[in-house]
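Visitor: Predicted coordinates and the sequence they were generated for:
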Amino acid sequence: MASAPSIPRLPPSGITVLIVGAGFAGISAAIECDRKGHHVIVLEKSAEITEITKFGDIISFDPNGARHFERWPGVIETMYKVARKTTWLDLYHWKGEFLTRQSFEGEKGWGPRINGHRGELYEIIYRHAVERGIDIRLGKRVTDYFEDEKEAGVVCNGERMVADLVIAAEGVRSRGRKIVLGFDDKPKSSGYAVYRSWFEGKYIKDNEKLKHLVVNGDTHSGWIGPDLHFLVSSLKDGKEFNWVFTHVDDGNIEESWQFPGKVEDCLKYVEGWAPIVQEIVKATPKEGRLIDHKLVYRDPLPTFISPQARIALIGDAAHPFLPTSIQGASQSIEDGVVLAACLELASKNKVPLAIKAYEKIRYERVHKAQATGVKTREKWHKADWDTVSKNPEAIHLTREAWLLHFDAEADCYQRYKDVVAELEGARSRL
């Protein structure tokens, strides 16, 4: 497909990029590489894009991630039409007492926030990638990675494909992790799992206990308790509704990490909780999608890049995030932004240097952001209720400027020369 002439991009860089995985991380990295003039091929194992868009839970992009959508013509305007319109979160004690309303109004100067249906938001980004003319190949399963000093490549459906670099964006089970680490690392249970459900608001609009959650426009609420937090929200003026709760889990991550959930199992976890919480679970229709999702844990990686610096991990392949960080999606966008910009600044003859600079720029920030997920979970699941009763704001989500009021592209442009000088200086001392 020919790319739309109205879409701006830099002149061709001559750099060829293979991206494995067309999820949020992969497709966003493809768009950013295209913006910078690099030639991109995306390889996705799903035979149909609906296999990706069918997932019906909520995804959030904070200002540090969503600001990049403003640079992709027409994308954020389309997202606003389907995104949740709330600028607050109402928090309750697990027994039902209202605690506090956390407002996000003060963050408007940091950039846009986008919260919405995972599949719908993904489809908007995917359509933009198609409009740009990016070569996206579906039904392509990558079984191996390889590299040398001059190029990198993959084995895809039995065929060897090569490029200047390969970006592994397949998620937590990425085969690219083996060539980066030098061994197969198996996922571990994080000790937690998540139930997620999404259904039309019409199923609760006549329920006297629940209708306030959908009949007056969009809402966003959460109930906080021992080793569990339960979040609900409505979108599109209450036409759609979703709930999600994170809980302690002893399931074996090797058996399965996502499968259909059962209402009766969910109710066991919230037994004794506020009646409204139990009613929300009971009201889940058979037509609603209910998923039991095991949270995968990976030890922090010593590196995101391969020995020859021709293969780079991004998104969950490099750094899985807990949902309580509210940063997994935004950090994956930042990865693609920084990698594409480093390639632009380095030029074709210095691709390995660009990849090393990408890791140097991203590594500390990503791991600091990852830690926020554990901090929030512990704040909620092990709350000191005496402290909270005196200071309800103690239960608020931590919202910090260093993380949210941040432009990954501008930061990369500002730091790149110093980072490269540091890398080259280290190499000369060897």
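Guide: Happy to help now that I have it.
Visitor: separation between residue 310 and residue 193?
Guide: To residue 193, residue 310 is 36 Å away according to C-beta to C-beta, to the nearest Å. C-beta here means a position set from N, CA and C on the backbone, and glycine is covered the same way.
Visitor: typo on my end, residue 381
Guide: 13 Å.
Visitor: Which one's more surrounded, the two?
Guide: Taking other C-beta atoms under 10 Å, residue 381 and residue 193 do not tie; residue 193 has more neighbours (22 against 18).
Visitor: Excluding covalently adjacent residues, which one is nearest to the more buried one?
Guide: Spatial nearest neighbour of residue 193, excluding adjacent residues (C-beta to C-beta, 6 or more residues apart in numbering): residue 249 at 3.6 Å.
Visitor: Can you tell me the SS state at the closest residue to residue 72 other than its chain neighbours?
Guide: Closest residue in space to residue 72, ignoring its immediate chain neighbours: residue 128 at 5.4 Å, by C-beta to C-beta, 6+ apart. Assigned state for residue 128: helix (three-state reduction, DSSP: H, G, I helix; E, B strand; the rest coil).
Visitor: who's in contact with residue 128?
Guide: 31, 72, 73, 74, 75 (C-beta atoms under 8 Å, 6 or more residues apart in numbering).
Visitor: the bottom helix or strand of this protein by mean pLDDT?
Guide: In the chain, no helix or strand scores lower on mean pLDDT, DSSP states H and E than helix 50-53, which sits at a mean of 73.
Visitor: Was I right to think residue 325 contacts residue 367?
Guide: No: using C-beta atoms under 8 Å, residue 325 makes no contact with residue 367, being 11.5 Å away.
Visitor: which strand is the longest one in the protein?
Guide: strand 188-200 (DSSP state E).
Visitor: hey, what's residue 166 bridged with?
Guide: residue 18, residue 311 (DSSP bridges).
Visitor: so how far is residue 139 from residue 146?
Guide: 22 Å.
Visitor: Which one's more surrounded, these two?
Guide: Applying other C-beta under 10 Å to residue 146 and residue 139 shows that residue 146 carries more neighbours, namely 17 against 11.
Visitor: Over to the more buried one. Which of the three states is it?
Guide: At residue 146 the chain is in strand, as set by three-state DSSP.
Visitor: in the sheet, who's paired with it?
Guide: With DSSP bridges as the rule, residue 146 is bridged to residue 153.
Visitor: And it, how far from residue 165?
Guide: For residue 146 relative to residue 165 (C-beta to C-beta), the value is 12 Å.
Visitor: so what sits against both of these two?
Guide: residue 152.
Visitor: Doesn't residue 77 belong to a helix?
Guide: Yes: according to three-state DSSP, residue 77 belongs to a helix.
Visitor: list the contacts for it?
Guide: For residue 77, the contact set (C-beta under 8 Å, 6+ apart) is empty.
Visitor: how is the chain carved up into domains?
Guide: The chain breaks down into these structural domains: 16-86+109-185+299-428, 188-297 (assignment by automatic domain parsing).
Visitor: Alpha carbons of the host helix or strand of residue 338, in CSV - could you do that?
Guide: With secondary structure defined by DSSP states H and E, residue 338 is part of helix 328-346. The C-alpha trace of helix 328-346 is given here as CSV (Å, rounded to 0.1, in the frame of the first residue of the first chain):
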residue,chain,number,x,y,z
GLY,A,328,3.8,-0.6,30.9
ALA,A,329,2.2,0.7,27.7
SER,A,330,3.7,4.2,27.9
GLN,A,331,7.2,2.8,28.5
SER,A,332,6.9,0.6,25.5
ILE,A,333,6.0,3.7,23.4
GLU,A,334,9.1,5.5,24.9
ASP,A,335,11.3,2.5,23.9
GLY,A,336,10.3,2.8,20.2
VAL,A,337,10.7,6.6,20.2
VAL,A,338,14.2,6.5,21.7
LEU,A,339,15.4,3.7,19.5
ALA,A,340,14.2,5.3,16.3
ALA,A,341,15.7,8.7,17.3
CYS,A,342,19.1,7.1,18.2
LEU,A,343,19.2,5.4,14.7
GLU,A,344,18.5,8.8,13.1
LEU,A,345,21.3,10.5,15.0
ALA,A,346,23.8,7.7,14.5
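Visitor: could you give the mean pLDDT of the following helix or strand past that helix?
Guide: The helix or strand immediately downstream of helix 328-346 is helix 351-381, counting by DSSP H and E. Across helix 351-381, the average pLDDT comes to 94.
Visitor: How about stretch 94-113?
Guide: Stretch 94-113 shows a mean pLDDT of 96.
Visitor: Which positions within it qualify as buried?
Guide: 94, 99, 100, 102, 104, 107, 110, 111, 112, 113 (16 or more other C-beta atoms under 10 Å).
Visitor: In JSON lines: the residues you listed, plus distance to residue 262 and secondary structure.
Guide: Output for these, formatted as JSON lines (distance: C-beta to C-beta, whole Å; DSSP: H, G, I helix; E, B strand; the rest coil):
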{"residue": "94", "distance to residue 262": "22", "secondary structure": "coil"}
{"residue": "99", "distance to residue 262": "30", "secondary structure": "strand"}
{"residue": "100", "distance to residue 262": "33", "secondary structure": "strand"}
{"residue": "102", "distance to residue 262": "32", "secondary structure": "strand"}
{"residue": "104", "distance to residue 262": "34", "secondary structure": "coil"}
{"residue": "107", "distance to residue 262": "38", "secondary structure": "helix"}
{"residue": "110", "distance to residue 262": "40", "secondary structure": "helix"}
{"residue": "111", "distance to residue 262": "40", "secondary structure": "coil"}
{"residue": "112", "distance to residue 262": "37", "secondary structure": "coil"}
{"residue": "113", "distance to residue 262": "33", "secondary structure": "coil"}
